[in-house]
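Peer 1: output the structure for:
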Amino acid sequence: MAEVYARKATGLVREASLVDTVFFGIMNNAVAVCIWFFLSEAPYGYPGLNVLLTCVIGLILTVGFGFMWGILGGSMPRSGGSYVYNSRIIHPAIGTAVSMCNAAFVMVMWIWVLCPWIPEVGVPILAGCMGIAPETIAFWATTPEGMYIMSTIVNLLAFVVIALGLQTYFRIQKFMVIWGMIGVIIAAVIFTTTPHATFVNIWNNYAAETGSLNFAQTIEAVDVAMEGIPTTWNLSSTLHALLPFSWVSVYGYIIAFIGGEVKSPRRNILIGQVLNVVVSVLLLTWVSLSFEAMGGYNFLHAQSYIDMEGGVALEGVGEYAFPFSTTYINIGSLIVGFQPILGFIMGMSFIFMDFLWIPFSYIAFSRGLLAWGMDRIGPMWFTDVNLRLGSPLKVLFLCFVLSQIVLTDYCWHPEVLGALSVELMQLLSVFGVTAIACTIFPFVKKVRHIWDTSPYKGWRVIGIPAATIAGIVSLILVGILIWASYYPEILADLLATWSWIYIIVWISGLAWYFGWKSYRARQGIDITLAFKELAPE
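Peer 2: Numbers count the residues shown, from 1 in each chain. Sure thing, here's the model as predicted:
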C-alpha cells in the first residue's frame, strides 16, 4: 500500500496538547464575536425567540454534534478534516467534493468575510468602548481603501503566524482566547449586577447628553419599525434562532483539521470536541440571559434591530444618536461609564477572536489540500512540508493569494450577511454529509477494520452504537439549521444566488476527483487502493 501514497509520512508533528486542542475549538467558536452575532441576528431575524430554550436545545444538540466529530476524529486521527472520514466511509469522490467545498472554497470565503470584519465591525466597537468619535476611525471602517489596507495587514499577519508553525500559533492562540473569554466574562458580570432600573437611568442620561431617543422612545421606535415587537415567545423562532446560536457551538469541529497533530488523539480529540462546545455555550447563555434580564425582552429586540439596521427614528421625536451601535460590548462599556481598561479589554476581545479565525482558515485550507496530495488527488507539491517549521508553505502561499483576490471584492462590495451564506454551504456540504458518514460508520463493511480498532466501538446506548446516535442527533441539528437558513425574507435573494454557487463548487469537487483518478491511472497508479486504508501520519 505504501507506494500508492505520495509520501510515507506527512511531515506534520503531534504537538497539540489537550489544552491546545480545547482552545483550538473554543477559538473557532469565537465566543466574543459569536455572542454579538447571536444577540444582533437572532432577535432581528427570528423575533419572538425564547433565549433560554434556544440555548438549552442548542446545548443538547451541539454536544451530540461534538461527540460525532470526536468519535470520527479519535477513530481516524489524521489531519485533513471531514475529507478523511467521508472519503473512507462513503466514497472518495464524495469526500473530495465535501473537502472542495470546505477546505478549498469555504476557508477562502471565510477570509473574504471575517478579515474585513476587523475594520468594519471590530474597530468601531473598540472605538465606542474607548469614547473615540466615529469620524476618527471612519476611513478604516467605512471606505474601501481603508478596509482593504487593514484587511491586508491582518491577512498577512495570519499568513506569517501559520507559516512559522503550529507551536507559534498555539502560543498566540492561548493568549488571545484567554483574553477573549475574560472580555466576555466581564460583560456577563456587568449585565448580571446591573438592575433594569439602573440600566434605564444610564441609558436615559446618555441619551440626554447625545440628543438621542431615551429608553422608552427607543423601544417605541423599534416597535413601529418592526410593526410590533413580539410580546411573548414562539417555538418557530426559538428553533430558527439555533442558526445564529450555532456560530458559538458547532465550529469547534475544526479540531478535525489537525487530527494528525494532536497528542494522545484517541482521548484528546473527543474531549476537545465536547468540552469546547460546553464552555462556549455556557458563556453565551450567561451573557445572553443576563443581558435580556437587564434590558428586558423588548430591549433584546430593539438593540438587535438598531444594530442590524444601523439605527432607528421616531417620527417627530428624534433618532438613535449614540456614537456606537448597540452591541453587547458597547452596552457593557456604557454601563461602566466607558472605563478605559474594561472598555479596552472588552473591545479587543472581539478583535482578537475575530483575528484567530484568519490563521485557522490557513490551517484548514493547507491541511485539506495536504490530505488530497497524500492520496494523490492533487499535485505533489500539496504534500511539501517545511521540516524545520512543520508548515506546508507552498499551499499557505496559495491561500494567501486567493484570499487577497476575494478580499478586494468584499472591501468594495461589503456583505456582512454573506457569512450566513458561507455557513449554509458548510451545513449542506460538510456537516450533513459527515453526519450521514458517522451514522453508518459502524455498519460499513469497507471500514470495518477501522471501526474494529476504534476506542468507541463498545460505546452503545440500548444496543445502538454511540456513533450512530451522535450522527442522527447531528442530522436533526443540521436539518433545523438549513430550515432556518431559508426562512427569513432578508436571506431569500442572497441564498438564491449562493445556492448556484454551492452546486458549481460540488461539481468542481467531483470533477477534481475523477480528473486526478484518470490522470493517475495513466501513470499506472490506482488511487482507489489508497482509500482502503488511512493515509500515513
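Peer 1: let me know the outermost residue of the protein.
Peer 2: residue 316 (42.0 Å; CA atoms, centre = their mean).
Peer 1: now do the strands in the stretch 401-537 of the chain.
Peer 2: For the stretch 401-537 of the chain, strands defined by DSSP state E, counting those that start in this stretch occupy the ranges 460-461, 464-465.
Peer 1: and the last one, which strands flank it?
Peer 2: Taking DSSP bridges as the criterion, strand 464-465 forms sheet pairs with strand 460-461 (antiparallel).
Peer 1: ok so, going back, I'd like to know how far the residue farthest from the centre of the chain sits from residue 455.
Peer 2: Computed as CB to CB, to the nearest Å, the residue 316 to residue 455 distance reads 68 Å. For every residue, glycine as well, the C-beta is placed using N, CA and C.
Peer 1: dump the strands of the stretch 401-537 of the chain into JSON lines; add mean neighbour count and mean pLDDT as well.
Peer 2: Shown next, in JSON lines, are these (neighbours: other CB atoms under 10 Å; pLDDT from 0 to 100):
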{"stretch": "strand 460-461", "mean neighbour count": "12", "mean pLDDT": "93"}
{"stretch": "strand 464-465", "mean neighbour count": "17", "mean pLDDT": "96"}
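Peer 1: would you list these in a markdown table and tack on distance to residue 124?
Peer 2: Listed next are the strands of the stretch 401-537 of the chain as a markdown table, based on distance: least, CB to CB, whole Å:
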| stretch | distance to residue 124 |
| --- | --- |
| strand 460-461 | 48 |
| strand 464-465 | 49 |
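Peer 1: which stretch among these comes nearest residue 83?
Peer 2: Closest to residue 83 of the strands of the stretch 401-537 of the chain is strand 464-465 (CB to CB; 22.7 Å).
Peer 1: what residues does that closest one touch?
Peer 2: Applying CB atoms under 8 Å, 6 or more residues apart in numbering, the contact partners of strand 464-465 are 441, 442, 457, 459.
Peer 1: pLDDT value on the closest residue to the third one other than its chain neighbours, please?
Peer 2: Looking back up the chat, that one is residue 457. Leaving aside its chain neighbours, residue 457 sits nearest to residue 451 (6.1 Å; criterion: CB to CB, 6 or more residues apart in numbering). The score at residue 451 is 94. That number is its pLDDT.
Peer 1: what sits against residue 451?
Peer 2: 75, 441, 442, 444, 457.
Peer 1: next one: residue 476
Peer 2: residue 61.
Peer 1: could you check how far it is from residue 232?
Peer 2: Applying CB to CB, the value for residue 476 to residue 232 is 26 Å.
Peer 1: go on, residue 397?
Peer 2: Using CB to CB, one gets 54 Å for the distance from residue 397 to residue 232.
Peer 1: so what's residue 148 up against?
Peer 2: By CB under 8 Å, 6+ apart, the contact set of residue 148 is 407, 408, 411, 412.
Peer 1: can you flag the buried ones in those residues?
Peer 2: Neighbour-count burial (16 or more other CB atoms under 10 Å) applied to the contacts of residue 148 gives 407, 411.
Peer 1: what's the farthest-apart pair in the contacts of residue 148?
Peer 2: Among the contacts of residue 148, 407 and 412 lie farthest apart (CB to CB), at 9.8 Å.
Peer 1: closest to residue 499 out of the contacts of residue 451?
Peer 2: residue 441 (29.1 Å).
Peer 1: what score does residue 420 have for pLDDT?
Peer 2: 63.
Peer 1: model confidence over the strand or helix carrying residue 223, on average?
Peer 2: Following DSSP states H and E, the helix or strand that holds residue 223 is helix 215-225. The average pLDDT for helix 215-225 rounds to 96.
Peer 1: what comes up buried for that helix?
Peer 2: Neighbour count says helix 215-225 has 215, 217, 218, 219, 220, 221, 222, 223, 225 buried, by 16+ other CB under 10 Å.
Peer 1: from residue 51, how far out is the first one?
Peer 2: Summarising the geometry, the distance separating residue 215 from residue 51, computed by CB to CB, is 20 Å.
Peer 1: check the second one too.
Peer 2: To residue 51, residue 217 is 24 Å away according to CB to CB.
Peer 1: please apply the same query to the fifth one.
Peer 2: Separation of residue 220 from residue 51 (CB to CB): 22 Å.
Peer 1: same question, the third one
Peer 2: With distances taken as CB to CB, residue 218 is found 20 Å from residue 51.
Peer 1: check the fourth one too.
Peer 2: With the distance defined as CB to CB, residue 219 ends up 18 Å from residue 51.
Peer 1: same question, the last one
Peer 2: Taken as CB to CB, the spacing of residue 225 relative to residue 51 amounts to 21 Å.
Peer 1: okay, now the closest residue to residue 102 other than its chain neighbours: neighbour count?
Peer 2: Nearest non-adjacent residue to residue 102, counting by CB to CB, 6+ apart: residue 430, 4.6 Å away. Residues lying near residue 430 (other CB atoms under 10 Å) number 23.
Peer 1: so residue 430 sits right up against residue 82, yeah?
Peer 2: Yes - between residue 430 and residue 82 there is a contact under CB atoms under 8 Å: 5.5 Å.
Peer 1: can you check which residues contact both of those two?
Peer 2: With CB under 8 Å, 6+ apart, residue 430 and residue 82 have common neighbours 98, 102.
Peer 1: need the pLDDT of residue 166.
Peer 2: In this model, residue 166 carries a pLDDT of 86.
Peer 1: what residues are up against it?
Peer 2: 13, 15, 16, 258, 261, 363, 390, 391.
Peer 1: next, give phi and psi for the first one.
Peer 2: As for residue 13, its main-chain torsions (degrees, to the nearest 10) stand at phi -120, psi 140.
Peer 1: got the contact list for it?
Peer 2: For residue 13, the contact set (CB under 8 Å, 6+ apart) comprises 166, 261, 390.
Peer 1: who wins for proximity to residue 291 among the strands of the stretch 401-537 of the chain?
Peer 2: Here strand 460-461 is closest among these (CB to CB), at 36.3 Å.
Peer 1: surely residue 312 and residue 225 touch.
Peer 2: Yes - with contact defined as CB under 8 Å, residue 312 reaches residue 225; the gap is 5.6 Å.
Peer 1: name the residues contacting each of these two.
Peer 2: With contacts taken as CB under 8 Å, 6+ apart, residue 312 and residue 225 have residue 305 as neighbours in common.
Peer 1: and the next helix or strand after the helix holding residue 223, what does it pack against?
Peer 2: Stepping forward along the backbone from helix 215-225, the first helix or strand reached (DSSP H and E) is helix 235-240. The contact analysis (3 or more CB pairs under 8 Å, 6 or more residues apart in numbering; DSSP states H and E) places helix 235-240 against helix 51-75, helix 466-485.
Peer 1: go again with 10 Å.
Peer 2: helix 31-45, helix 51-75, helix 466-485 (3 or more CB pairs under 10 Å, 6 or more residues apart in numbering; DSSP states H and E).
Peer 1: give me the residues contacting that helix.
Peer 2: 42-43, 45-58, 230, 234, 480-481, 483-485, 487-488 (CB atoms under 10 Å, 6 or more residues apart in numbering).
Peer 1: kindly recompute the last result at 7 Å.
Peer 2: Helix 235-240 has contacts (CB atoms under 7 Å, 6 or more residues apart in numbering) with 46, 47, 48, 49, 50, 53, 54, 480, 484, 487.
Peer 1: strands of the stretch 251-400 of the chain, residue ranges please.
Peer 2: So, for the stretch 251-400 of the chain - with DSSP E, counting those that start in this stretch - the strands run 313-314, 318-319.
Peer 1: tell me the helices and strands packed up against the first one.
Peer 2: The elements that strand 313-314 packs onto, with contact taken as 3 or more CB pairs under 7 Å, 6 or more residues apart in numbering; DSSP states H and E, are helix 215-225.
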